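S.K.: I need the structure of the sequence given here:
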Amino acid sequence: MSDKMIKVWRFEDAPAEYQALSTNGGDEDWVVFVPDGFAEVHIPFLVEGGSGSIGCWCIEEHAVKGGKVCIGSHA
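M.R.: I've put the predicted structure just below:
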């Protein structure tokens, strides 16, 4: 996978191993894979707080091989 491409899925369409990382318990909306190539880059749509983000109040981050997975939820 390219280290210069961020991938975004609706939660239900994301890879099962990424869905399984969630600790939210049912109100998940989006899953984002951010490769290591973006480690030092500020990504405004991955900031918690509603408008301006991926539309979510809570964004979990999980380290995975090659980058991180962010899971956005409303709760």
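S.K.: which residues in this structure form helices?
M.R.: The residue ranges that make up the helices of the chain, judged by DSSP state H, are 16-19.
S.K.: how about low-confidence regions in it?
M.R.: The model of the chain has pLDDT under 70 over residues 1-2, 50-53, 55-56, 75.
S.K.: how about the strands of it, start to end?
M.R.: Listed from the start of the chain, the chain has strands (DSSP state E) covering 7-10, 28-35, 58-64, 67-73.
S.K.: can you redo those strands as JSON lines with mean neighbour count?
M.R.: To be clear about C-beta, it is placed using only N, CA and C from the backbone, and glycine gets the same treatment. What follows is the strands of the chain, written out as JSON lines (neighbours: other Cβ atoms under 10 Å):
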{"stretch": "strand 7-10", "mean neighbour count": "14"}
{"stretch": "strand 28-35", "mean neighbour count": "21"}
{"stretch": "strand 58-64", "mean neighbour count": "15"}
{"stretch": "strand 67-73", "mean neighbour count": "22"}
